[in-house]
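**Q** Pasting a predicted model and its sequence here:
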Amino acid sequence: MRRLRRIKILATLGPVSSDSTMIRKLFEAGADVFRINMSHTPHDKMRELVKTIRNVESSYGRPIGILVDLQGPKLRVGSFANGPVQLNNGASFVLDSIKEPGDAERVCLPHPEILSALKVGDALLLDDGKVRLICEETSPDRAVTRVVIGGKMSDRKGVSLPDTDLPMSAMTNKDRADLEAACETGIDWVALSFVQRAEDVAEAKRMIRGRAAVMAKIEKPQAIDRLQDILDVSDALMVARGDLGVEMPLERVPSLQKQMTRMARRAGKPVVVATQMLESMISSPVPTRAEVSDVATAVYEGADAIMLSAESAAGKYPVEAVSTMNRIGEEVERDTLYRGVLTAQRPEPEATAGDAIAGAARQIAETLDLSAIICWTSSGSTALRVARERPKVPVVAITPNLNTGRKLSAVWGVHCVVAEDARDQDDMVDRAGRIAFRDGFAKSGQRVIIVAGVPLGTPGATNMVRIAYVGPTDADV
C-alpha cells in the first residue's frame, strides 16, 4: 500500500462511509487518516468506527491515523414565536437574556458570556454570515444592534463574533466527555474547534495526558492574532476555511492559508487544509475545475494533508472524491514546478543537532542521488524533522511504536513501518535496507541514508547519519 504521492489525505466518515467495506475502499483509494466528527457521532458509534478502522489497519499491515474532531462551543440564538422573521437593513434588533420567543424586534441570546463581552462596534454574524449586525449599546443582559445586512432569521441559527474575544473555553462539557471517551478508545489525533488562544490548547492537553496529539483548528480571527503562540503549544494546525471564511473577509482566506502552511512547516508541525475542497462531489461524480485548482494549490504549497468533509461522509461519491484527491496529488507532485516551489519555501534549519542532521541528510541524499531517507524513530520527532525539509527522495520511518506510526500518517511524505527496535547499529542498518527493498524504495545495489538517535530508543535524540548499500542479503527478504 505504498502511496505514489507525498501529501496525505484525510477522509471524514459519516452515514455513507461507516461500514468496513466502504472504509476499506476509501483506504485503498488513498485515505491515510480517517476523521470522526463528534458533532454528529455518539460515543457508541465512535467506538464502533474506531474498531472497524483498526480491523482494516491490521488486515493491511499499515498504520492508519484516526482524528476525532470536537464540536466546540455552538453559539445560537433562541426561537421565534411565529416562525421566521425578516430583519431589514437599518432596523434595530435586540439580543437579550429574556427566555421568551422572539419577534422581528428581539430574540433571546442564551449565552450570557456573549452579552457581557460585547462592545459597541462589534459585529455579530447570524446564520453563517447571511445576516450582519453591529452592536450599538451593551449591558450585561442585552445588546442593541443595527441590521447592516438583513435577511430571514429563524430558530436556533448560529452566531459568530469576529470582533469579540470571548472569555470562555474552546471546550464545552460535551467536548470534555467526547474527548475522554475518544482517548479511552485509543485515537491518535484530536482536532480542537474554535481555538482562540494558546491556553485553549493547553487545557485540552492537560485532559489528554499524552494519549493523543492535538490539532488546533484555526477558524477565528482571535486565533489569527495569536497564531504563533497557538502553534508553539499545538502538535498540528488545521486551516478550517469554513468558519474562517464566515468570520473574516473571504478574500483574506487564501493568503491566511499560505501563511499558516508556511508557519507550520517552519515549525516542523503538520498542517491540514480543510473545508469545501471538492464540495461539488457531494452530488457530482466529477469536481469543478476551480476545485481541482484549489486542491492543487494546497499540494503546491507543501501542506501535509488535505481533507474531505461531507464529500466522503454524506456525499454520493465518497470513493471517487478520495480517488480524485489522490490523482490531483500525484499529478502536481510530478510537475517540474512543484519541486521548485517547495525548495524556494524551505526554511533554514533550527539551531539544534536534530534539525541540522535532518537538513544534512536531505542534502546528502539529493547530492548523491540516494534512493531513500530511512528514519529510525521512537517518538516520531526524527521523521518530522526530515519531513520538514520536504526532500526529493522518499522518507521511510521505522518505529517500534504503533501509536507513533499512526500519528505520522498525517505527515507529509512519511511512509511508516512498525517494527521491533534495532538491537544495535549493525541491526539498524541491515533492517533499514531490508525494509527499503521490501517496500519498493530501493533495489539491490542502491544506497540509502539512515537517520537515527543514538543510543537507540532515546526520544528526540537525532544525532546520527549513515549511508548504506542495499545488498544481496537485504534483497533476499
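**A** Everything's here; your move.
**Q** Please count neighbours and contacts with C-alpha atoms only from this point.
**A** Fine.
**Q** Now name the helix or strand holding V253.
**A** V253 is located in helix 253-267, with elements delineated by DSSP states H and E.
**Q** Give me the helices and strands touching the next helix or strand after that helix, please.
**A** Later in the chain than helix 253-267, the nearest helix or strand by DSSP H and E is strand 271-274. Using 3 or more C-alpha pairs under 8 Å, 6 or more residues apart in numbering; DSSP states H and E as the contact test, the elements touching strand 271-274 are strand 236-240, helix 253-267, strand 305-308.
**Q** In the sheet, which strands lie alongside strand 271-274, parallel or antiparallel?
**A** Paired neighbours of strand 271-274 in the sheet (DSSP bridges): strand 236-240 (parallel), strand 305-308 (parallel).
**Q** Contact partners for C183?
**A** By C-alpha atoms under 8 Å, 6 or more residues apart in numbering, C183 lies in contact with 208, 211-212.
**Q** would you list the helices and strands packed on strand 271-274 in TSV and tack on mean pLDDT and distance to T336?
**A** Formatted as TSV, these follow (pLDDT from 0 to 100; distance: least, C-alpha to C-alpha, whole Å):
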stretch	mean pLDDT	distance to T336
strand 236-240	98	26
helix 253-267	97	21
strand 305-308	98	20
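**Q** Which among the ones you listed is found nearest to P15?
**A** Comparison of the helices and strands packed on strand 271-274 against P15 by C-alpha to C-alpha identifies strand 305-308 as nearest, at 14.2 Å.
**Q** Quick one: list the elements packing against the host helix or strand of V94.
**A** Element membership of V94 [criterion: DSSP H and E] is strand 92-96. If you count contacts as 3+ C-alpha pairs under 8 Å, 6+ apart, strand 92-96 packs onto strand 106-108, strand 142-149.
**Q** Mind checking those for the one nearest to S379?
**A** Evaluated over the helices and strands packed on strand 92-96, closeness to S379 peaks at strand 106-108, with 49.4 Å, by C-alpha to C-alpha.
**Q** Direction included, what does the closest one pair against?
**A** strand 92-96 (parallel).
**Q** what bits of the chain have low per-residue confidence?
**A** For the chain, applying pLDDT under 70 flags the ranges 457-458, 460, 472-477.
**Q** how does it divide up, domain by domain?
**A** What automatic domain parsing lists as the domains of the chain is 8-72+170-335, 85-160, 353-475.
**Q** any chance of those in JSON lines, plus distance to V341?
**A** Shown next, in JSON lines, are these (distance: least, C-alpha to C-alpha, whole Å):
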{"stretch": "domain 8-72+170-335", "distance to V341": "7"}
{"stretch": "domain 85-160", "distance to V341": "35"}
{"stretch": "domain 353-475", "distance to V341": "11"}
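**Q** nearest to P347, of those?
**A** domain 8-72+170-335 (5.6 Å).
**Q** Could you work out the end-to-end span of that closest one for me?
**A** 17 Å (C-alpha to C-alpha, to the nearest Å).
**Q** what comes into contact with the strand or helix carrying E333?
**A** Using DSSP H and E, E333 sits in helix 318-334. Helix 318-334 has contacts (C-alpha under 8 Å, 6+ apart) with 4-7, 9, 11, 16-17, 25-26, 29-31, 278, 281-282, 285-286, 292, 295-296, 299-300, 308, 311-312, 338-339.
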